[in-house]
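In: Have a look at this fold, sequence not included:
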C-alpha cells in the first residue's frame, strides 16, 4: 500500500543535492539470494600465525573471570565510543597524541581481543604502529597535518595488501609468508592521509567463497571471530573481524570489503555503520579478489560521520583499476558536507517490502524505523518492490566462478615468483595437503567449481554478466527508482546473529544485500535496534554514485534514532533470553 503522504514528482532532496544523481540500486528478498544461497546464505555472509593449526574459538574464553562470566562486563575504557572528531580534538588540545591513542588501542586489543572475552577479531598487529604514530606526532608539532585521519588508528581486513612487516593472507595458511610487492591503493591512501594502520582483521577465509558449508568469521589462519554482543553468536562475514573489532572499540575506524553483503551484514550483526560504496569509488588494486564486477572495499565505523570522513579520504581514480575511471566527476574528497540533521525532510524512500517477513522481531524494529522516517519528514512509497528479485541468483553465481578464477590468478601473479602459491589450482592442492588445518569443518567445492571454468571471453560468462546488469540495474533498481521518483530504497539488512556452528555452518534468516551488490551500487547499514540483545541494522541504498544522498538520509536517521549501543560481551543468551 502506498503511503498517503507520497506524491508524484521530483523530491526536494534530489533538487537540493550538490550534484545530480542519475542511477540506482536496491536490495534482495527474504529468501537466501545468490551468493549465500550459492555459499549457503544470503548476505555473503557477505598477531601473525605462521603455524598450521586450526583455532576455533567458541563460547566463553577459559581466561574469562567468574565475575565476567556473570556480568558480561570488561570495565571502562577511556576511548570507548570515541569518534574521529573527538580524537582530533584531543590531539589538538594535547590530551592525546597519536602515540598514546595507538598505545591505548593496542592494550585494548591485548585485553579484550586476545584475553578476556577473546573476540579474536585481530589476526595480526602492526609491529610498526607505535613508530608510525610517533612520526605523525612530530608532523603535528611542525603544523603539518595531513587531514582528518592524521594520527587515527585503523584496522584493515586481511585481504588488503600492505608492503610492510605484516602479511596479507585472506585468512588462508596458503598465503602465510606472502609479501606483497607494494601497498594496495587503500593502504597507500591511508598512509598519505596520516592514518595509523593498527593491524589486520580476521575474516571468513577467502572472503567466504571457498565452500557452501562455511562458517562466517572462521579462517585457517585466524580461527573463529566472536560477536562482541553475545560471544557464542556469529559476527557475520566476510568482514567479520572489521565489524567486531570496531564495535568492540579496538580501533577508531575499520575497513572491510564486500562482494555481496560482506560489509553490511557484519555491520548489522555487530551494531555499527557499514558503507558499501559504488563499485569504482574506491580502488581494488592490491586486494585479494573474488569478483571484479562486484568487489569493493568500504568503511565500518561506529557513526555515519566517521564513515563519511573515511569515505572521502580514499576516493580517486586509480590507473590500475579501470572501474575507478567512472568515478571521475562523481566522487568527493569530503563527504561530511552531506551530514544534514534534517536530511530526511522531503526524501522519497521506497520500502522494499519483499525483504521483510523473515523474523518477527526484525519486522517490529523496521516498523518503528519507518514511523521514525515519516516523523522526520520522509515520504515513504510502500511498497516499492523490485520485480526482478530472485531472477539473477544463478547468473550471479556463474559470474563469481569465472571471475574468481581469473581475478585470483591475476592477483597471485602480482605477488611474483616467490609467492607460496601461484594459481587457484595450487591453492586447491595446498588445502588438500593440509586438510586437517584448512578443511576441518568445511571443504572447497566452490574453488573446485571455479577451477573448471574457462576464460572471461566465454559466452556463458558474458551472458551471465549481461543478465546481472540488466536485471539488477536496468529492470531492477533503476526501474523501481524511476517509476516512483525515489531518492533511496530501504529494507532490513539482516536478522539477529545466529549461534556460531562449525558443524552445520551459517544459519542466515534473511537479508537485502544482493540487488545493490550485483548492480554495483552503494548500500549503507545503520543500527536499528536489538532483538534479544542482538543488533539489527537497516539498509539505505540508491543510485550509482548516490553516496551523498544516502549519507544524508542515513545520518538524519541515525541522529533521530541514536540506537548504537556498545557491546557488553555477554557469554551466551542462555535457554530463556530476555527481550
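Out: Noted; the coordinates are in hand. Every value quoted in this text rests on a predicted model; they were computed, and no experiment measured them.
In: does residue 501 belong to a helix or a strand, and which?
Out: Under DSSP states H and E, no helix or strand contains residue 501.
In: mind checking pLDDT for it?
Out: On the pLDDT scale, residue 501 is placed at 98.
In: how many other residues sit next to it?
Out: The local packing of residue 501 (other CB atoms under 10 Å) involves 14 other residues. Backbone N, C-alpha and C define where each C-beta goes, glycine included.
In: Distance-wise, check residue 235 relative to residue 270.
Out: As for residue 235, its distance to residue 270 is 6 Å (criterion: CB to CB, to the nearest Å).
In: any shared contact partners between the two?
Out: Common contact partners of residue 235 and residue 270 (CB atoms under 8 Å, 6 or more residues apart in numbering): 227-228, 243-244.
In: Tell me which stretches of the stretch 301-450 of the chain form strands.
Out: 348-351, 379-381 (DSSP state E, counting those that start in this stretch).
In: ok, back up a step: among the shared contacts of residue 235 and residue 270, which one sits closest to residue 220?
Out: residue 244 (18.3 Å; CB to CB).
In: What distance do you get for the closest one to residue 92?
Out: To residue 92, residue 244 is 30 Å away according to CB to CB.
In: of all the strands of the stretch 301-450 of the chain, which gets the most neighbours per residue?
Out: Scoring the strands of the stretch 301-450 of the chain by mean neighbour count under mean count of other CB atoms under 10 Å gives strand 348-351 as the most buried, with a mean of 26.
In: re earlier: tell me which of residue 244 and residue 92 has more neighbours.
Out: More neighbours surround residue 244 than the other of residue 244 and residue 92, with 34 against 11 (other CB under 10 Å).
In: Need the pLDDT of the nearest residue to residue 148 once chain neighbours are set aside.
Out: Of all residues not flanking residue 148 in the chain, residue 309 sits nearest, at 5.1 Å (CB to CB, 6 or more residues apart in numbering). Listed pLDDT for residue 309 reads 98.
In: Please apply the same query to residue 480.
Out: 98.
In: Over to it. Which of the three states is it?
Out: Remark: residue 480 carries the secondary structure label helix [criterion: DSSP: H, G, I helix; E, B strand; the rest coil].
In: Compute the number of surrounding residues for it.
Out: When neighbours are counted by other CB under 10 Å, residue 480 comes out with 23.
In: ok, it touching residue 386?
Out: Yes - using CB atoms under 8 Å, residue 480 is in contact with residue 386, at 5.6 Å.
In: end to end, how far does stretch 291-311 reach?
Out: 21 Å (CA to CA, to the nearest Å).
In: Inside helices: which ones of the shared contacts of residue 235 and residue 270?
Out: The helices, defined by DSSP state H, take in 243-244 from the shared contacts of residue 235 and residue 270.
In: And the strands in the stretch 151-300 of the chain, which stretches?
Out: 153-157, 196-201, 218-219, 223-224, 253-258, 273-276, 296-301.
In: part of a strand, is residue 457?
Out: No - under the criterion used here (three-state DSSP), residue 457 is coil, not part of a strand.
In: quick one: it and residue 554, what's the gap?
Out: Taken as CB to CB, the span from residue 457 to residue 554 is 40 Å.
In: what about stretch 407-420, average pLDDT?
Out: Here the average pLDDT along stretch 407-420 is 96.
In: Could you list the buried residues of that stretch?
Out: Neighbour counts over stretch 407-420 (16 or more other CB atoms under 10 Å) mark 407-409, 411-412, 415, 419-420 as buried.
In: Then stretch 121-140?
Out: 121-126, 129-130, 132-133, 135-137, 140.
In: What about residue 107, how many residues nearby?
Out: Residue 107: 11 neighbours (other CB under 10 Å).
In: tell me the SS of it?
Out: Residue 107 is classified as helix under three-state DSSP.
In: ok, back up a step: can you flag which of the buried residues of stretch 121-140 belong to strands?
Out: Residues of these located in strands (DSSP state E): 122-125.
In: Show me the two of these that sit farthest apart.
Out: That would be 123 and 125, which, of those, are the farthest apart (CB to CB) at 9.0 Å.
In: Export the strands of the stretch 151-300 of the chain to a markdown table and append columns for mean pLDDT, mean neighbour count and distance to residue 102.
Out: Formatted as a markdown table, those follow (pLDDT from 0 to 100; neighbours: other CB atoms under 10 Å; distance: least, CB to CB, whole Å):
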| stretch | mean pLDDT | mean neighbour count | distance to residue 102 |
| --- | --- | --- | --- |
| strand 153-157 | 99 | 29 | 5 |
| strand 196-201 | 99 | 29 | 5 |
| strand 218-219 | 98 | 32 | 25 |
| strand 223-224 | 98 | 22 | 25 |
| strand 253-258 | 99 | 31 | 13 |
| strand 273-276 | 99 | 32 | 23 |
| strand 296-301 | 99 | 28 | 18 |
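In: could these go into JSON lines alongside distance to residue 146?
Out: Shown next, in JSON lines, are the strands of the stretch 151-300 of the chain (distance: least, CB to CB, whole Å):
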{"stretch": "strand 153-157", "distance to residue 146": "14"}
{"stretch": "strand 196-201", "distance to residue 146": "12"}
{"stretch": "strand 218-219", "distance to residue 146": "33"}
{"stretch": "strand 223-224", "distance to residue 146": "35"}
{"stretch": "strand 253-258", "distance to residue 146": "15"}
{"stretch": "strand 273-276", "distance to residue 146": "22"}
{"stretch": "strand 296-301", "distance to residue 146": "18"}
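In: Out of those strands, which is closest to residue 425?
Out: Nearest of the strands of the stretch 151-300 of the chain (CB to CB): strand 218-219, 20.6 Å.
In: Where does the prediction get shaky in the stretch 351-500 of the chain?
Out: For the stretch 351-500 of the chain, no stretch has pLDDT under 70.
In: how about the helices in the stretch 151-300 of the chain?
Out: In the stretch 151-300 of the chain, the helices defined using DSSP state H, counting those that start in this stretch lie at 185-192, 205-208, 240-247, 264-269.
In: returning to what we had before: need the max-distance pair from the buried residues of stretch 121-140.
Out: Going by CB to CB, the pair spanning the buried residues of stretch 121-140 furthest: 123 and 140, at 29.8 Å.
In: Roughly how far does the most centrally placed residue in the chain sit from residue 242?
Out: Nearest residue to the geometric centre of the chain (CA atoms, centre = their mean): residue 263, 1.6 Å. Noted for residue 263: a distance of 8 Å to residue 242, by CB to CB.
In: any residues in contact with both of these two?
Out: The contact lists of residue 263 and residue 242 share 256, 300, where a contact means CB under 8 Å, 6+ apart.
In: is it true that residue 299 touches residue 274?
Out: Yes - the pair residue 299 / residue 274 is scored as a contact, 7.2 Å apart, by CB under 8 Å.
In: who touches both of the two?
Out: Residues touching both residue 299 and residue 274 (CB under 8 Å, 6+ apart): residue 307.
In: gap between residue 460 and residue 186?
Out: 32 Å.
In: Can you check my assumption that residue 78 lies in a strand?
Out: No - counting by three-state DSSP, residue 78 falls outside a strand, being coil.
In: That one: what's it in contact with?
Out: residue 104.
In: got the phi/psi numbers for it?
Out: Main-chain torsions, residue 78, degrees, to the nearest 10: phi -60, psi -30.
In: what about residue 452, how many neighbours?
Out: When neighbours are defined as other CB under 10 Å, residue 452 has 8 of them.
In: need the contact list for it.
Out: Per CB under 8 Å, 6+ apart, neighbours of residue 452: none.
In: repeat for residue 401
Out: Going by CB under 8 Å, 6+ apart, the list of residues near residue 401 reads 446, 449-450, 453.
In: chain center to stretch 232-240, what's the gap?
Out: Put simply, stretch 232-240 sits 11 Å off its chain's centre (CA atoms, centre = their mean, to the nearest Å).
In: For it, measure first residue to last.
Out: Using CA to CA, first and last residues of stretch 232-240 are 14 Å apart.
In: do stretch 294-304 as well
Out: 23 Å.
In: Likewise for stretch 198-211?
Out: 30 Å.
In: Buried ones in stretch 485-503, by neighbour count?
Out: Per 16+ other CB under 10 Å, stretch 485-503 contains these buried residues: 485-498, 500, 502.
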